[in-house]
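Chemist: return atomic coordinates for the entry below.
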Amino acid sequence: MGFFNFFSKEKKETLDKGLSKTKESVFGKIARAIAGKSKVDDEVLDNLEEVLITSDVGVETTLNIIKRIEERVARDKYVNTEELNRILREEIATLLTENNTADTDGYEIPEGKKPYVIMVVGVNGVGKTTTIGKLAYQFKKTGKKVVLGAADTFRAAAVEQLCIWGERVDVPVVKQQMGSDPASVAFDTLSSAVASGADVVIIDTAGRLHNKVGLMNELTKIKNVMKKVLPDAPHEVLLVLDGSTGQNAFEQARQFTLATEVTSMAITKLDGTAKGGVVIGISDQFKIPVKYIGLGEGMEDLQAFNKKEFVDSLFGEDK
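Modeler: Take a look at the predicted model:
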């Protein structure tokens, strides 16, 4: 499979539409930042720094980007403001490439990992259960046999919501009574998946961000119990973040990465916000691959994150 061959025209259109609010906001701010200027000077760079910070890229990542642009300006001696968008696009693309693993189609399962176990973490309200349902749909569409585990037993609505998604996607959901031990649900889910020859297991977990010690203990217990069925489970710990919350998503990422070993991230609700810049900052700051982005309510609207296509949609194609 070619590097970007999996990215269809239809997916590109969904991405462009989903990022349109962010694009309009960022370009509007950049236009105001360079108004009346013909070359990129210190004032333009100061204004650009403000644009990136107010677009939820984050302070540290913004300073990194500005430093890169300053080096380009110093090296090229004269850079006009018309070139700024191209340079910004190139530097952000380079930053994302340096800080993440290679793009994949998101729904490939590593050889020798059957069932492939994904433990999903994140606070309530970020779209965690919806993301699980959409992941199940995408995996099933590729011919995989999927089992879901309702280990968020703290909230009755979470179990019910996951069961609704299970019915919609036509995949089994393993559950117990509300208040049951989440680790027990995870154990039952993996046991069922192994017995039925499933390819993918997706485990939902409680979304309450209480104290870090309590969260860490709960997630560690779930992991340890799963290992009794599959010694190398979970194979992936996916953190779901709500992109529309901007800087709050950074704090959630910080808390969860302290509490457990997060290996991938999904950033949801990008279609309804101008805060899409958060994807850039979170990718850079946490050095954890953003694997999926949510661009709408439809089952097809959870996309595997493709760095080049994301930057092209946000800042314009590389001519």
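
Chemist: residue boundaries of the strands in the protein?
Modeler: Listed in chain order, the strands of the chain (DSSP state E) span 116-121, 146-150, 173-174, 200-204, 236-242, 264-268, 290-294, 302-304.

Chemist: so which of those strands is the most packed in?
Modeler: Per-stretch averages of neighbours, counted by mean count of other CB atoms under 10 Å, single out strand 200-204 among those, with a mean of 29. (C-beta placed from N, C-alpha, C; glycine too.)

Chemist: for the record, mean pLDDT for it?
Modeler: Mean pLDDT, strand 200-204: 97.

Chemist: report the contact partners of the spatially most central residue of the chain.
Modeler: Central residue of the chain (CA atoms, centre = their mean): A266, 2.2 Å from the mean position. Listed by CB atoms under 8 Å, 6 or more residues apart in numbering, the contact partners of A266 are 131, 238-241, 290-294, 302.

Chemist: now G125
Modeler: G125 touches 207, 242, counting by CB under 8 Å, 6+ apart.

Chemist: related to what we said a few turns ago, and the contacts of A266, which two are the farthest apart?
Modeler: Greatest spacing in these, by CB to CB: L239 and L302 (14.7 Å).

Chemist: on that earlier part again, what are the bridge partners for the residue nearest to the centre of the chain, then?
Modeler: Beta-bridge partners of A266, counted by DSSP bridges, are V240, Y292.

Chemist: one more: D204?
Modeler: V120, A150.

Chemist: L215 versus that one, what's the distance?
Modeler: Between D204 and L215 the computed distance is 15 Å (CB to CB, to the nearest Å).

Chemist: the closest residue in space to E83 that isn't next to it in sequence and L162, how far apart?
Modeler: In space, and not counting its chain neighbours, E83 is closest to V40: 7.7 Å by CB to CB, 6 or more residues apart in numbering. V40 sits 50 Å away from L162, going by CB to CB.

Chemist: the two: who's more crowded?
Modeler: Using other CB atoms under 10 Å, the more surrounded residue of V40 and L162 is L162, with 26 against 23.
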